[in-house]
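Chemist: Have a look at this prediction, sequence included:
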Amino acid sequence: MVPMNNAVRVSYAHVGAKVNAKHVASLVDYFERGAKPERDDGYGVEIEHLPVRNGTDVAVGYAEPQGVEELLERLRPFYRADQEFVEDGHLLGLKRPGIAISLEPGAQFEVSIGVLHRPEQLREIYSQFRAEADPILDDLGFRLINYGYQPVTGFADIRIHPKRRYAAMNDYLGHVGQYGLNMMRCSASTQVSIDYSDEADAIAKMRVGSALNPIIALLFRNMPYFEGNPSPCPLMRQRIWDKADPQRTGLTPGLYDRRFGWEDYAADVLATPMMFVDLTHTPEAAGMSEDEQEYVAFRQNAADVYPDRPLNDYEVGHLLSTHFNDVRLKNFVEMRHWDSLPIERAELLTATVGNLYYDDAHFARLKDFFDGVSEVEVEAAKADLQARGLDARPYGVSVSQWQAALGLMDTLSAIPGDPVHPAVFQS
């Protein structure tokens, strides 16, 4: 273990946990450097796909014959050789300007696109990806579909792919919460990231997003199946995340306290058990064995693991990436509520996010509406939406009224669904 000292006790969610003040300052500095005081209005969009075999819809694994690893290998020539991600001889990621491909633990195929400045750019870049991937997929006999959860295969029948981080996550999440292994192996999302101008703007977007985005998630819901059966509740993927590990998922603790700021967010991240320790970019760990540099951490947090010094950007990025709040703060605001969506709906979702969060008048109205809302009220709204769906009344307002207020009344029904199951999505 790398030695540490000079720990302080600051945290909303983990009272009494050790948190190093230099580490807090490192995260705050990272957030400050991510701010864009000059408006840029950029988007990052991540669409996770579920690989399923043609004819059966059974999940396709990473290492199986004509599987996901072979798809990556055959896509390799379209991407930059110097930006590949290879671990222990296995190709796990590809990248070129504007697009990156990575894999989630159950071989979910994530396509990350950005930075975009117009929502319609999403389809332009994504169409190029599909033009390259679809002929290969046809030859391999499987396809990439967009649902919130695998349609046929249950989590116990999916093997995680060979990445050390995911092996540690599998160990950790298999011992905490309720749905951690379901989340890792079978779930898929659409995520949209946006810019912030300063600390106040970042916190405001996190608050509004945490309160509002579950309503948008219902309007864009796309999870008809869970463990091979009809999905048991309208927002099942969100429930999976809420129950995966309450220490690092759901609402950010303290977010709706008016005093909440970047230091509080940093303290919460740093106080949480790390789940997976990564010291591969920690100079003090040079010369340690692979098992000493990367391992599962049930109790250790950052103050137990990292030295008493400012953290470098790789260490900060690792810590932030192992926190899974509904709205996550990095050097952008990442909104994580939504099921995996076909590209037409993903573009509409991106446009909706821009209309609500980048239009000053719209965002001011949302801030006013949610001003004074409490964490308990946001949790109650989420539970209402998860349990009652279209009959819910989040914050005392009907879903149809929200649909009209968000400008989605006429547009959702015009978006085509997945060509395999065209009737799944009902607005």
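Modeler: Looks like it arrived, so ask away.

Chemist: which residues in the stretch 301-427 of the chain form strands?
Modeler: Under the criterion DSSP state E, counting those that start in this stretch, the stretch 301-427 of the chain contains strands at 324-325, 327-329, 333-339.

Chemist: Provide the strand pairings for the second one, with the direction of each partner.
Modeler: Right, strand 327-329. Sheet pairing for strand 327-329, assigned by DSSP bridges, gives strand 333-339 (antiparallel).

Chemist: Check the protein for its longest strand and report it.
Modeler: The single longest strand within the chain, with elements called by DSSP state E, is strand 43-53.

Chemist: What average pLDDT does it get?
Modeler: Per-residue pLDDT over strand 43-53 has a mean of 98.

Chemist: and A21, how far is that from L27?
Modeler: 11 Å (C-beta to C-beta, to the nearest Å). The C-beta positions use only the backbone N, C-alpha and C, and glycine is treated the same way.

Chemist: higher neighbour count, the two?
Modeler: Taking other C-beta atoms under 10 Å, A21 and L27 do not tie; L27 has more neighbours (25 against 16).

Chemist: sec struct for that one, please.
Modeler: Look at L27: counting by DSSP: H, G, I helix; E, B strand; the rest coil, its state is helix.

Chemist: so it touches D264, yeah?
Modeler: No. Under the criterion of C-beta atoms under 8 Å, L27 is not in contact with D264, lying 10.7 Å apart.

Chemist: rewinding a little: which one of the strands of the stretch 301-427 of the chain lies nearest to A211?
Modeler: Across the strands of the stretch 301-427 of the chain, the minimum distance to A211, taken as C-beta to C-beta, is reached by strand 327-329, at 9.5 Å.

Chemist: Contacts made by that closest one with the rest, please.
Modeler: With C-beta atoms under 8 Å, 6 or more residues apart in numbering as the test, strand 327-329 has contacts from 31, 202, 205-206, 209-210, 213, 252, 262, 265, 320, 333-336.

Chemist: switch to 7 Å and redo it
Modeler: Strand 327-329 is contacted from outside by F31, A202, M206, G209, S210, Y265, V333, E334, M335, R336, using C-beta atoms under 7 Å, 6 or more residues apart in numbering.

Chemist: Out of the residues you listed, grab the one that's most surrounded.
Modeler: For those, the largest neighbour count, defined by other C-beta under 10 Å, is 28 neighbours, found at Y265.

Chemist: And the pLDDT for the residue nearest to that residue when sequence neighbours are not counted?
Modeler: Excluding the flanking residues, the one nearest Y265 by C-beta to C-beta, 6 or more residues apart in numbering is L329, at 5.6 Å. In this model, L329 is scored at 98, pLDDT.

Chemist: roughly how far apart are L329 and I203?
Modeler: Counting by C-beta to C-beta, the gap from L329 to I203 is 9 Å.

Chemist: Repeat that for S231.
Modeler: In this view, S231 and I203 are 33 Å apart by C-beta to C-beta.

Chemist: Counting neighbours, go ahead and name the busier of those two.
Modeler: I203 (22 against 18).

Chemist: OK, contacts around the residue nearest the centre of the chain?
Modeler: Among the residues of the chain, R336 comes closest to the average C-alpha position under C-alpha atoms, centre = their mean, at 4.6 Å. Going by C-beta under 7 Å, 6+ apart, R336 touches S189, Q191, D326, V327, R328.

Chemist: Report how many residues lie close to the first one.
Modeler: Put plainly, it is S189. Neighbours around S189, by other C-beta under 10 Å: 23.

Chemist: thinking it is in contact with L341, fair?
Modeler: No. S189 is beyond contact range of L341, at 8.9 Å (criterion: C-beta atoms under 7 Å).

Chemist: ok, Q247 - contacts?
Modeler: Residues near Q247 by C-beta under 7 Å, 6+ apart: T272, P273.

Chemist: Pull up the gap between it and Y357, please.
Modeler: As judged by C-beta to C-beta, Q247 and Y357 stand 28 Å apart.

Chemist: How about V305?
Modeler: Taking C-beta to C-beta, one finds V305 at 35 Å from Y357.

Chemist: Looking at the two, which one has more neighbours?
Modeler: Y357 (25 against 21).

Chemist: Point out where the chain drops to low pLDDT.
Modeler: 1-16, 410-427 (pLDDT under 70).

Chemist: Do a quick rundown of the strands in the stretch 1-150 of the chain.
Modeler: Under DSSP E, counting those that start in this stretch, the stretch 1-150 of the chain gives strands at 7-8, 19-20, 43-53, 85-87, 90-96, 99-103, 109-116, 142-145.

Chemist: Take those strands and write them to CSV, including distance to F363 and mean neighbour count.
Modeler: Formatted as CSV, these follow (distance: least, C-beta to C-beta, whole Å; neighbours: other C-beta atoms under 10 Å):
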stretch, distance to F363, mean neighbour count
strand 7-8, 35, 16
strand 19-20, 32, 24
strand 43-53, 15, 23
strand 85-87, 36, 13
strand 90-96, 32, 17
strand 99-103, 28, 20
strand 109-116, 19, 20
strand 142-145, 34, 21
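
Chemist: Hmm, T322 is touching F276, no?
Modeler: Yes. Counting by C-beta under 7 Å, T322 does reach F276; the two are 6.1 Å apart.

Chemist: Quick check: A167 is in a strand.
Modeler: No. Assigned with three-state DSSP, A167 falls outside any strand and is helix.

Chemist: Checking the nearest residue to it once chain neighbours are set aside next. Helix, strand or coil?
Modeler: Residue nearest to A167 in three dimensions, not counting chain neighbours: I160, with 6.8 Å by C-beta to C-beta, 6+ apart. Here I160 is coil, with the state taken from three-state DSSP.

Chemist: For R345, see how far away I160 is.
Modeler: For I160, the distance to R345 (C-beta to C-beta) stands at 28 Å.

Chemist: Which one of these two is surrounded by more residues?
Modeler: The neighbour count for I160 versus R345, taken as other C-beta under 10 Å, is higher for R345 (22 against 19).

Chemist: Nice, that's everything, thank you.
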